[in-house]
Every structure is written in C-alpha cells, then in structure tokens.
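[1] Just to be clear, the model below is a prediction. Sequence and coordinates:
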Amino acid sequence: MINRLAAATEVERDWLDSAVEAIRAGKPVRQEFAGGGRLHIDRPLPFICLHIASTDGEPIAQAIAQANASYLIAEDAKSARTIITVIAPILQEKFGAFFILDVGELEDDRPLADDAPFLKAFEVCVWATRDAAARDAAKILSEVIGQGEARFRRPRVEMQASPISSNLDTIAQEIGCSAIAVRFAPIYRQPDGGIYPELRDHLIATMFDAGLRACASFTERVQVFAVPTHRSLGRKAFVDAVSRVDRAIDEVAASFDFLLAVTPINAEAAFETFRSSNCLQEPAFLYRPLTVQVETAKQKLFSISFDHMEDPVLYDLYREKQRELDLQLSIIGARQTSRFIDLGRALYGPVNASLLSEAETILLALCKVRSEDDRAATRELPQADSLSVARSAAAMIDVYRQHYEAFEASVELRDDLPSGLMVTGPRLLVSTSTSMDQSRVAPLLAHEIGVHLLTYFNGSAQGLRLFRSGLSGYEGMQEGLAVFAEYLSGGMTPARLKLIAGRVVGCASMLDGASFAETFALLQNNHGFPTEAAFNITLRLYRGGGLAKDAIYLRGLLELLDHLAGGGALDPFWMGKIASLHFSVMQELASRGLLIHPAVRPIFLDTTDGQGGLERARKGMRPIDMIQPREP
C-alpha cells in the first residue's frame, strides 16, 4: 500500500487511506476532487467504470460513467492511475478479480461508407485485454450496442486490435486486471454546437445497459458471485440530487388535488334539476375554487433541475412524472372549456375497439341485471348509510394499522361529494349521501383501503415520495388492482361488473361527441341502467367538461388479468403506485436494493376467498368470469 500511495499527493493520500478503510469495511465512498471529477463506490464491486475528462468535454461519456454504482471521473490519466492502482488491489483481493470499463467519446462523428445513405451508421470502437473474461464481456458489450438504434442512426461496432487507450492498457498491466475500453461517435451534437436531447438520452441508456451487461458477464465468467440480473449491479443508493428532485416534484403534486378539482359539489341538486327536465336539459355543475395558480405551478415544475441525478432509471421516472403533472395542470386549468375533453383524452387515452368490445360483451350478458342503487331503492337489500360505511372503514384501517404502525389513514365525511368514496393522499372521503348494499361495504373498502391507501403508505416507506404520489400513468393499473380486490373480497356482483362496463361504453360515447343527455339515454335505454345509476355514471364522465378516466377501470383490470395469466407476480404492485409498464422497473429497483418489500400486504390476500380467486385468475379468466352472484 505504501508503494502504491507513493505517487499520490499528501491530500490524495489522506482521502485514499479513508477510501481504502471504507472499502475494506464494505462502506460507500464518495470523494469530490478539487479540480473536478469524483470517485463514487456505493458498495464494493469487482469493477469500476472509468472516464478520463477531456479538454473538449465529453458530457455523455461522463453521464454514462456516473450512472454506475462504482465509477471514477478523473481529471487526467495520471490521477486515474494513482487512484485505481490504490483501490483496485483491495477489490481484487476481496473478489479474486477486478475489471475496468473505460468509457469515452470519439473526436467527431465521421461519415462511414454505408449502403443505406438515409440511415447513416455511427462509429463505436471497442478494445479489451487479452484474457477470456474481458473478451467475452467485450463481445456482450458489442452485441448489445449493435442491437440498438439511436433515432435512425445504427451503430457500427468494431473490435480494435490495438489499445484505444494506452493509459488503460498501462493501468491494466500494472494491476494485472481485466479491462475494456469503448469509444463512440458524438452523434448527440448538433452542427451548431447544441445537443439533440433525444439522442443524448438514448445513448446514455443504451451504453449504460451494455456496460452493465458486460460487467455482469465478467462477474459470472470469473465466478465472483451469482448475478440474478445485470441490472442488479446498478446503484443501491441514490444521491442527494435525487432527493431534491423528489421533494420538488412532490411539492408541485401536493399543491393541487386533481380529482377534487374536477368533481362537482352540487351532484344531488344537479340530478333533481335534470330529472325534472325529463332528463333532457344539460345539468349545470359547480366546482371548488382552484387551490393553485396553474401558470405559477407550471413555472415551478419546469424550474426543477434534473442535473446530477446519476441514475438513468430514476431520471426517466421523474421526467415522466413531470410531463404528467404538466398535463394534469393543463386539464384543471381548462376546466369547463372545450379543451378539457381533449386534454383528458391525452392523459387517460381513448377507448379502443377491443376495450369497447369487451364492455359491450359484458353489458349484453348482463342486460337484465338491475343496479344495486335500484335494488336499494326498493329495499330488497340490507343497506349501509354513510355513517355505517365510515365506521367500517375506520375499523378496517385499525386492522391495517395493527400490521403496520405507520398506516395513519383518516376517514372524513363530506357533503360536497357525489355518492360514494374517494381516496386522496392518506384520507378516505365518504360522501354523506352514500347508501349501499351492506354486502358491498367490505369489497368497496378493500378497493379503497386495501389498494389505494395501502399503496400510498407502502410507497411512503420507499424513501422517495414519488412512489406514494404515483408514477406516471399509474391510475390504470391501480384501478384494475382495486377492482380485482373487490373480486378477491367476494364482491364482484353482476351489478358491479355491469357498472364498470357501462362506464366504458359511456366514455366512448362522450369522446365521440355525444351530449350529456345523449350518453345518459344510451345507458338508460340501450343498457338498462335506471335513472339515478345512469345519471351517476354520466356525471363522472362529463365532470369538468368530459373526463375519460372511467374507462381505465376495465382497461386496468384486463391488463392485470393478462399479467396474472402470464405468470406475473402481484407483490411489485403493492410497493407503491405504479403502472403496468413500470413492472420491470420496480423489479430492477428492488433487485438493486433501492426499494423494500411492501411494508404491509392486503389482508384480503390471506383469506380463503382471496387465495382461491387469485389461483383462478392465474389459470386465465375474463372479467365476465369474475361474477360472484351474492344477490337474492
């Protein structure tokens, strides 16, 4: 150690001694250098990603290196050699092998001869030390890069016989370790010196993934330890910049309540007026004053800096959430205008042909089923009013709190909501006009508490607020899970499934330009919904000016059923509020140790009905197969 430290300055020797101690103890290392650069090791690993700073600046190569759990951004080759020759032997001793991945950029994007002039290839050069482990890793790296396409630019990967970096070759020989160097053309640069953002992000994601695969190949080849997936070699801790972005995004998200902003406060009065007009006059809905100045909130949203996050996966998640919040703010800003419906379509998507067909199939099969509201009106079923529902909700929350102390949810009775329940943050809101079949209470609370509140508190436990407020597009899968929870709780009655399908058909009608009265008549006359039930469905669809949200319940349920039939697990969905497209991301973050297992699981999963229903779903079913006829 003394000999290896001899080339270091006194200042370098001080922190290198500390770094060696930390590595030996399995602790993280993060050292900033006065002249620029950084050593970051979030846990001891048998490899390090190296980038030696260029006088011209190579921002993408640096970003690729910084995305790794173990990296060195060095000011120059001398500093890189000093640092690596000190820390590498420690890691080599710990793991029995060590690997350096050197990432840099070529000087320019020189044209290559190609038979496809409109898809100009770009150059990628790869060199590896002569050992078999490095050669195999280089082959994997080249294959992964070669399979990618960067916005109509195909990479042409060429293995180099001579070292790309003489510095890396010297370091590798001195230490006796394996090494790969990769250099790529700077295709992200515009001719005027600017940057193509899409190409930049694509290059970072592709090169980072290829590098991780190469590291995983090396680790397995030298039998250091088993690698369940190459992405598990990523970061197990996030830097302060991630926490700052998380707080800033959450502050914007918490500054307004999207659903309350678009939910009418005069539902009962509007219904009476509509009914007195023989269901022909468009109802006039009233709304709460907005709690946020839209332009100010957007300014704050887009002033958030995403620099220095050093994690491409988290970077993408927060960028997606930023775009979703922007769209939500645009929607509430367009409340009761003609723009509202198109903005809502952009957020929740259209009703495609297959979804509409599924809904119509359900409605055809259940055409003679009476709604629960209709049966309640004739007093055929025991009823639960809002106070009874609120008491049952408080009791269920107490049960969850016994499993997880931080399950601090509250129940509020509200007279400014349409009949029903709504979750916002850690609160369950119960409309004072709520009245339902007593047998529906437990399934509906499984929906609201066992899914919506549970994923809020599990998301809160993850350390990043994003997972409690919800990843972009989470609502579809969230509502699919919530409807599935009703089924696992024994409450998927014919009337409930008919209601969910009716929302889809009504949503399609609304998006096609039908008026409130026309969609109401479609539900009442064509599909047999009684007056109040048809009005409640139509109100939800036309709130704010036309909101396409209610189609996501059946869409999310179908996605979930396909996921389960394909052998998919449920646990990642309980970690927080996520979309189906984020399933693999959640698995990766969990494998990296950035996410913990759910702090509490739904209690309905431990019941006989719940276990049996889940097993049936895994064998494959359609929504119509979920009906549990509990009605007399």
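    Sure thing, it's come through.

[2] Show me what residue 180 is bridged to.
    Counting by DSSP bridges, residue 180 forms beta bridges with residue 101, residue 128.

[3] Does it touch residue 103 like I think?
    No - applying Cβ atoms under 8 Å, one finds residue 180 not in contact with residue 103, separated by 9.3 Å. (Glycine included, C-beta is placed from N, CA and C.)

[4] Low-confidence regions, the stretch 51-200 of the chain specifically.
    55-56, 112-119, 149-152 (pLDDT under 70).

[5] In terms of pLDDT, where does residue 373 sit?
    On the pLDDT scale, residue 373 is placed at 50.

[6] what's the distance between the longest helix anywhere in the chain and the middle of its chain?
    In the chain, taking DSSP state H as the definition, the longest helix is helix 197-221. Centre-to-centre, helix 197-221 and its host chain are 20 Å apart (Cα atoms, centre = their mean, to the nearest Å).

[7] In it, which residues are buried?
    199-221 (16 or more other Cβ atoms under 10 Å).

[8] Which secondary structure elements does it sit against?
    strand 47-52, helix 59-66, strand 99-105, helix 132-146, strand 178-184, helix 312-333 (3 or more Cβ pairs under 8 Å, 6 or more residues apart in numbering; DSSP states H and E).

[9] Next, count neighbours for residue 358.
    19 (other Cβ atoms under 10 Å).

[10] try residue 479
    Using other Cβ under 10 Å as the criterion, residue 479 is surrounded by 24 other residues.

[11] my guess is it contacts residue 552, does it?
    Yes - under the criterion of Cβ under 8 Å, residue 479 makes contact with residue 552 at 5.3 Å.

[12] what's the domain layout of this structure?
    2-236, 242-264+278-626 (automatic domain parsing).

[13] Ok, which of those domains comes nearest residue 271?
    domain 242-264+278-626 (5.3 Å; Cβ to Cβ).

[14] the strands in this structure, which residues?
    29-32, 38-41, 47-52, 70-74, 99-105, 122-128, 155-159, 178-184, 383-385, 410-414, 421-424, 427-431, 435-437 (DSSP state E).

[15] Compare these and give me the one nearest residue 578.
    Per Cβ to Cβ, nearest to residue 578 of those: strand 421-424, 16.1 Å.

[16] what's the closest one in contact with?
    With contacts defined as Cβ atoms under 8 Å, 6 or more residues apart in numbering, strand 421-424 is touched by 257, 259-260, 263, 389, 393, 428-431, 434, 444, 448, 452-453, 456.

[17] between these, which is closest to residue 400?
    Proximity of those to residue 400 (Cβ to Cβ) peaks at residue 453, which lies at 7.7 Å.

[18] and that closest one, how many residues sit next to it?
    23.

[19] any idea how far the closest residue to it other than its chain neighbours is from residue 396?
    Excluding the flanking residues, the one nearest residue 453 by Cβ to Cβ, 6 or more residues apart in numbering is residue 409, at 5.0 Å. For residue 409, the distance to residue 396 equals 9 Å [Cβ to Cβ, to the nearest Å].

[20] now the domains of the chain as CSV including distance to residue 272?
    Formatted as CSV, the domains of the chain follow (distance: least, Cβ to Cβ, whole Å):
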stretch, distance to residue 272
domain 2-236, 53
domain 242-264+278-626, 10
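
[21] Averaging pLDDT over each of those domains, report the lowest-scoring one.
    Averaging pLDDT over each of the domains of the chain puts domain 2-236 lowest, since it has a mean of 89.

[22] what's the offset of it from the middle of its chain?
    On Cα atoms, centre = their mean, the centre of domain 2-236 falls 28 Å from that of its chain.

[23] surely residue 505 meets residue 358?
    No - taking contacts as Cβ under 8 Å, residue 505 lies outside contact range of residue 358: 10.4 Å.

[24] so how many other residues sit close to residue 107?
    When neighbours are counted by other Cβ under 10 Å, residue 107 registers 11.

[25] Please read the previous query as pertaining to residue 339.
    Neighbour tally, residue 339, other Cβ under 10 Å: 13.

[26] Next: residue 547.
    Residue 547: 26 neighbours (other Cβ under 10 Å).

[27] Once you drop chain neighbours, what's closest to it?
    Take residue 547 and drop its neighbours on the chain: the residue closest to it by Cβ to Cβ, 6+ apart is residue 344, 4.7 Å away.

[28] for the one you found, what are its contacts?
    Taking Cβ under 8 Å, 6+ apart as the test, what residue 344 contacts is 331, 544, 545, 546, 547, 548, 549.

[29] Mark which of those are part of helices, please.
    Counted as lying in helices by DSSP H, out of the contacts of residue 344, are residue 331.

[30] Can you add distance to residue 522 and give the contacts of residue 344 back as TSV?
    TSV is the format used below for those (distance: Cβ to Cβ, whole Å):
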residue	distance to residue 522
331	25
544	20
545	19
546	15
547	17
548	16
549	19
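
[31] what two of the contacts of residue 344 are the furthest from one another?
    That would be 545 and 549, which, of these, are the farthest apart (Cβ to Cβ) at 12.6 Å.

[32] Export the strands of the chain as a markdown table, with columns for distance to residue 323.
    As requested, the strands of the chain are exported to a markdown table (distance: least, Cβ to Cβ, whole Å):
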| stretch | distance to residue 323 |
| --- | --- |
| strand 29-32 | 31 |
| strand 38-41 | 29 |
| strand 47-52 | 29 |
| strand 70-74 | 29 |
| strand 99-105 | 29 |
| strand 122-128 | 28 |
| strand 155-159 | 28 |
| strand 178-184 | 28 |
| strand 383-385 | 41 |
| strand 410-414 | 31 |
| strand 421-424 | 22 |
| strand 427-431 | 26 |
| strand 435-437 | 37 |
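
[33] Sweet, I'm off.
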